[in-house]
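**Student:** Below are the sequence and a predicted model for it; my questions follow.
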Amino acid sequence: ANSHRLWPEIDRVVKQEVSMASLGVGECGSGWQLFAEDGEMRMFRREEEMDGMVVDPLKAVHVVKGITGHEVCHYFFNPQYRYDWETTLEHMIVLETVSEDTLIFHQTHKRIWPASQRDVVFWSHTRRLPNDQDRDGPDIWTVVNNSTEHPDHPANAGKCVRIFLTVCLLCQTRVDPPKDGAPVSRDDITCKITYCSVVNPGGWAPASVLRAVYKREYPKFLKRFTAYVKNQTKDKPIMY
Ligand SMILES: CCCc1ccc(-c2ccc(S(=O)(=O)CCO)cc2)cc1[C@H]1C[C@H]1c1ccccn1
């Protein structure tokens, strides 16, 4: 609903995150280093610190056959699936349902020794975007998660260190209709996924520990999540 107090911020952040995610890793200047590769999945990061804390921006690109961008965003955005694919999640609650395409979450993530446990409060917004390049091509879908404050969960009031994140999942679907005019099946669709994230760990944590955690967790997360979507959709009608 564009009447909500957060709407101006959501609209601004979504537009800026989508344009950043749309840039190739070559384009947004040098500095991106490939740190993980697995089949079609490539993960890049930039080594950046803020007040002595590691905030390495991450950009992952992946191409997955048999699913659409709408399906990928559906399973990423909706809370009822999250415990199935988000392995570092300890607890999640929807604090506010702003509208059917905008939710506010509080999440606590499993502690990563020796760092203290983290939690996060963020708004999550999903949106279909017009496909500028290809007029009659399927639309582009996105989910943007951005830290926000909530009166019921002030930062660092409990045992957890509050982290701050901005995440953008951007999905572009391609349909290659079969030559013989047969109906389009899942074998004829491909989804190009771009996942960008910047996580400020909040309190101090050893750079070596954080970088090791990101190096291990991000590839695992994207592989597990996309495999989950393929498995959930394989016997269902295609959701464009
Ligand atoms: C010290 C920081 C701990 C830590 C806190 C939070 C997160 C994190 C939170 C949210 C999202 S998401 O993309 O918005 C999906 C919704 O959950 C991804 C990551 C990651 C880590 C670190 C544990 C690492 C990690 C990296 C990638 C995926 C999962 N976990």
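**Tutor:** That came through fine.

**Student:** all contacts plus neighbour counts: C-alpha atoms, from now on.
**Tutor:** Noted.

**Student:** List the buried residues for stretch 155-172?
**Tutor:** 155, 160-172 (16 or more other C-alpha atoms under 10 Å).

**Student:** Go through these and flag which are in strands.
**Tutor:** Residues of the buried residues of stretch 155-172 located in strands (DSSP state E): 161-162, 164-172.

**Student:** Is it possible to get those out as CSV so that each row also shows distance to residue 6 and pLDDT?
**Tutor:** Compiled in CSV, these are given as follows (distance: C-alpha to C-alpha, whole Å; pLDDT from 0 to 100):
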residue, distance to residue 6, pLDDT
161, 24, 96
162, 20, 97
164, 17, 97
165, 16, 98
166, 15, 98
167, 17, 98
168, 17, 98
169, 20, 98
170, 21, 98
171, 24, 98
172, 26, 96
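
**Student:** What about the ligand: which of the residues you listed touch it?
**Tutor:** Among these, the ones lying near the ligand by C-alpha under 6 Å from any ligand atom are residue 167.

**Student:** Go through the ones in strands among the buried residues of stretch 155-172 and say which is closest to residue 77.
**Tutor:** Using C-alpha to C-alpha, residue 169 comes nearest to residue 77 of these, at 9.7 Å.

**Student:** right, is the helix or strand hosting residue 74 up against the ligand?
**Tutor:** If you go by DSSP states H and E, residue 74 is part of helix 69-77. No: if you take C-alpha under 6 Å from any ligand atom as the test, helix 69-77 misses the ligand, and the best it gets is 7.2 Å.

**Student:** elements contacting the longest helix seen in the chain?
**Tutor:** When the chain is parsed with DSSP state H, its longest helix is helix 207-233. Where contact means 3 or more C-alpha pairs under 8 Å, 6 or more residues apart in numbering; DSSP states H and E, helix 207-233 is packed against strand 33-38, strand 53-54, helix 69-77, helix 82-85.

**Student:** Kindly recompute the last result at 10 Å.
**Tutor:** With contacts defined as 3 or more C-alpha pairs under 10 Å, 6 or more residues apart in numbering; DSSP states H and E, helix 207-233 has these neighbours: strand 33-38, strand 41-45, strand 53-54, strand 58-65, helix 69-77, helix 82-85, strand 189-200.
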